[in-house]
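Using only what follows, build the 3D model:
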Amino acid sequence: MKIQSLEIKNFRGLSDVHFAFEKSTNVIVGPNAIGKTTVLEAIRLARAMLMPRYFQEAQQVLVGLGVISPQVQLMQGAFDFASVARDLTLPLSISMTFVLSPEEVKQLADNADQIAMEQLRGRLGRPDDQLALTQLLSSPQGATMLAEIKTEVGKRMSSTGALDQFTITLVIDPSKNSISGSDAFLQTCVQLLERSQPPHRALLSYFPADRAFPAGEVAIQIGSNEAAAQIQSHVGQAVTKYQRLKQTVVNSIFTASTSDLDAVNDDFQLVLKALLPGKELAGVKLTPTGNLRVGITEQATGKTFDIDSMSSGEKGLILTFLLIRRTMAFGGVVLIDEPELHLNPEVCKKIIPFLNDSIAKPADLQIILCTHSADILGSAFERGDCGVFHLRSHKDATKLYERDHRELFDALRRLGTSAADSLFSRGNLFVEGEHDSAILGEGFYSLLSGFKITDLGGRTEIEKEIRTLQSAEQKNDLSKLHCFIFDLDHKPTGLKSTPLVRVLQWDRTCLENFLLGEKALYDGLVDAGVKQLPSRGEFEALIRDLAIGQLTELVAKRTYESLEPDNPGLRPKEVASLSYDQMAEILVSRLSTIKTQLAGLDPASWKAKFVQEAKTAEQSLAEHWNTSWRKLCDGKRVIDDLYKRFEIHVSKLDLKTRVMRKMVADESDDWQLIKGKLTEALRET
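So this is what the prediction gives:
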């Protein structure tokens, strides 16, 4: 049995999403609180309500979801629709399309009479009351009812392809005060397949994320009570799996036949070898104090310790994969939520390959897994036998195909951001300066929370990547905000913002220019323990002089650029995909031009012209610089000059973040300006 597709409407945080599960392993990713776990809970709810394995399964799931009270006296009529619905005015619906194997179809055909009996139980509303059913069937009316149902079942069974693929829908409608399924016959078929499994096997099992492992001695039991507890742990009370670690290991060993015992040990060793190398199962025994001990041996030291001593992540791995190997029926469906909890990245990288190759394929299992782990996403995305779904919003679940997103992801990689960063964050923020991410993080943590911030270190090739992302946006391949923040550097950009690719260029030379407010900068230096600082008035004059002093250098560069001959340096376009002969032709032509330009050079005349044009340029710029030096100077250079002027024993990054903290505390004008620009740039459309 496989789930081919899933449609969820108005369930918890999801309004309308659809999944088509085409691979054996399916990974669902997305940011926090987007609804990944809700997808698994939707499958669990529909299964329990319409196809329960035992009478109380639906009740247990509804209690777990907070829909009804666990107190019997409070259950009647107390259905909290708000705990499961996004919109209280609309019905909730969950549709699952199942695909059955030929063996499962044959099993149903061979048990048509049993399906008819289950249908009769359902129509009576007494699914577990065998005595009432016996009394009914002893009457002519009961026999007639059963005969009619058998005829209906026979017709459904004989319909070509009726059981190969079908859809079952759960609808909870508060306006009608009703809970209903789309097809009682099909629901009974799935129910019968599940109920035909022995207690320790299941066709569908849910492994929730809220793992809680009991420490110390636990009660071990074998028999009917244990069988009931095992059945309930598959779906109805899935969280009890994690309280049954020792119970599961002990039962697997004590209830196995001689031929199966080696298989139990092999399963255990398989998990340890693949995911936790260096450890092996040492058996089960009673300690001198009478406690039950499941021994694990550390191969490197030979030391044996109780399984309780392992980390919660290690125990979670052992239990999850051991349970799947020992309790899942062939061809079943496994729901796993956040298997990465308490695990290091290296172990996370191994989960998908192990799960797919050693767990899913040998038993023909379908895996539906939700994760926050970039390592799990990365390993799944690179495999052709894994499907990856990006839950982008409450109404958008997009399947990711690497071939469709390769250009986009390549652009992100070149910008220093992985596909995982893009999928798990609110968006990406790209900054130019070496210290910009730390400065902005210090001053605007709440505003930037959830964004992946990457230092670009300059504008080289960046504008081309922006165009690549904007092209991806036009193809609807972009779902998150990508914001590029540029220094001005006297080079205004011609790029324009689009809804999901924003371009913010400071109106000052660089971000450090905003740190030149005399009060915050002075207080930051004092906080850093800088001695021999002048008075605040003298310090303000010093900062102004350092800034305006840069005008001479700026004018000199611009003047020389206007007077210099053609630059002899090599251009990339002059060597790309050209032969040596073609390159030589281009280069010698430019050198000849430069030779001609320099042939009539008169040093004295050139010097006079340079000085005159520089003075003229400075005069035209001086007034503007005197009033706007905070915007026009190089703020990084001003801070560098302060380090030359004073003995400052903290790093430049430390000083800059100290100054930003002062700006935050004072809510200075410069801080307000940055906040306004960032707020506008990161505003959701």
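
hey, let's count contacts and neighbours off CA atoms from now on
Will do.

Can you give me the neighbour number for D16?
Using other C-alpha atoms under 10 Å, D16 has 17 neighbouring residues.

And the helices in the stretch 351-500 of the chain?
Using DSSP state H, counting those that start in this stretch, the helices of the stretch 351-500 of the chain run over 374-381, 402-414, 419-424, 436-443, 445-448, 462-474.

could you give the mean pLDDT of the shortest one?
Taken as a whole, helix 445-448 has a mean pLDDT of 87.

Using PDB, write out the CA atom coordinates for it.
Listed next in PDB are the C-alpha coordinates belonging to helix 445-448 (Å, rounded to 0.1, in the frame of the first residue of the first chain):
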ATOM      1  CA  TYR A 445      18.500  41.700  15.400                       C
ATOM      2  CA  SER A 446      14.700  41.500  15.600                       C
ATOM      3  CA  LEU A 447      14.200  43.000  12.200                       C
ATOM      4  CA  LEU A 448      16.700  40.600  10.600                       C
END
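
what comes up buried for that helix?
For helix 445-448, the neighbour count (16 or more other C-alpha atoms under 10 Å) marks L448 as buried.

Can you flag the weakest of the helices of the stretch 351-500 of the chain by average pLDDT?
Among these, helix 402-414 has the lowest mean pLDDT, at a mean of 58.

so R508 touches D487, yeah?
Yes - with contact defined as C-alpha atoms under 8 Å, R508 counts as touching D487 (7.1 Å).

Against A374, how distant is L45?
As judged by C-alpha to C-alpha, to the nearest Å, L45 and A374 stand 28 Å apart.

That should have said S668, apologies.
Taking C-alpha to C-alpha, one finds S668 at 39 Å from A374.

Could you do R156 as well?
R156 sits 46 Å away from A374, going by C-alpha to C-alpha.

neighbour-wise, which of those two wins?
For R156 and A374, the more surrounded residue by other C-alpha under 10 Å is A374, and the numbers stand at 20 against 16.

could you point out which element follows the helix or strand of the chain with the lowest mean pLDDT?
Ranked by mean pLDDT, DSSP states H and E, the weakest helix or strand in the chain is helix 72-75, scoring a mean of 53. Next in sequence after helix 72-75, counting helices and strands by DSSP states H and E, comes strand 92-99.

The host helix or strand of K644: how far from the chain's middle?
In the assignment (DSSP H and E), K644 maps to helix 635-645. Computed by C-alpha atoms, centre = their mean, to the nearest Å, the chain-centroid distance of helix 635-645 equals 42 Å.

what phi and what psi does the backbone show at the nearest residue to V84 once chain neighbours are set aside?
In this structure, V84 finds its nearest non-sequential neighbour in R12, 4.7 Å apart by C-alpha to C-alpha, 6 or more residues apart in numbering. Per-residue torsions, R12: phi 50, psi -120 (degrees, to the nearest 10).

For S83, see how far away R12 is.
7 Å.

Please identify which of these two sits among more neighbours.
Using other C-alpha under 10 Å, the more surrounded residue of R12 and S83 is R12, with 21 against 15.

you'd agree the more buried one is up against L90?
No - with contact taken as C-alpha under 8 Å, R12 and L90 are classed as non-touching, separated by 12.0 Å.

show me what contacts E338?
Neighbour list for E338: 208-209, 369-373 [criterion: C-alpha atoms under 8 Å, 6 or more residues apart in numbering].

M663 too?
When contacts are counted by C-alpha under 8 Å, 6+ apart, M663 touches 443, 520, 670-671.

Compile these into a markdown table and extend it with columns for distance to E623 and neighbour count.
What follows is the contacts of M663, written out as a markdown table (distance: C-alpha to C-alpha, whole Å; neighbours: other C-alpha atoms under 10 Å):
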| residue | distance to E623 | neighbour count |
| --- | --- | --- |
| G443 | 33 | 23 |
| A520 | 26 | 21 |
| D670 | 23 | 17 |
| W671 | 26 | 21 |
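
among those, which two are most distant?
G443 and A520 (12.7 Å; C-alpha to C-alpha).

hey, what's in contact with both of the two?
Shared contacts of G443 and A520, defined by C-alpha under 8 Å, 6+ apart, comprise 660, 663.

Would you mind putting the CA coordinates of stretch 566-586 into PDB?
Provided in PDB are the C-alpha atoms of stretch 566-586 (Å, rounded to 0.1, in the frame of the first residue of the first chain):
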ATOM      1  CA  ASP A 566      44.400  54.200 -22.200                       C
ATOM      2  CA  ASN A 567      45.000  51.600 -19.500                       C
ATOM      3  CA  PRO A 568      47.400  48.900 -20.700                       C
ATOM      4  CA  GLY A 569      46.000  46.300 -18.400                       C
ATOM      5  CA  LEU A 570      44.400  43.100 -19.700                       C
ATOM      6  CA  ARG A 571      40.600  42.900 -20.100                       C
ATOM      7  CA  PRO A 572      38.800  39.500 -19.600                       C
ATOM      8  CA  LYS A 573      36.900  39.900 -22.900                       C
ATOM      9  CA  GLU A 574      40.300  40.200 -24.700                       C
ATOM     10  CA  VAL A 575      41.400  36.700 -23.800                       C
ATOM     11  CA  ALA A 576      38.100  34.700 -23.500                       C
ATOM     12  CA  SER A 577      37.700  32.100 -26.200                       C
ATOM     13  CA  LEU A 578      40.300  33.700 -28.500                       C
ATOM     14  CA  SER A 579      43.400  32.300 -30.200                       C
ATOM     15  CA  TYR A 580      46.800  33.800 -29.400                       C
ATOM     16  CA  ASP A 581      46.900  35.500 -32.700                       C
ATOM     17  CA  GLN A 582      43.500  37.200 -32.000                       C
ATOM     18  CA  MET A 583      44.700  38.300 -28.500                       C
ATOM     19  CA  ALA A 584      47.900  39.600 -29.900                       C
ATOM     20  CA  GLU A 585      46.100  41.700 -32.500                       C
ATOM     21  CA  ILE A 586      43.900  43.400 -29.900                       C
END
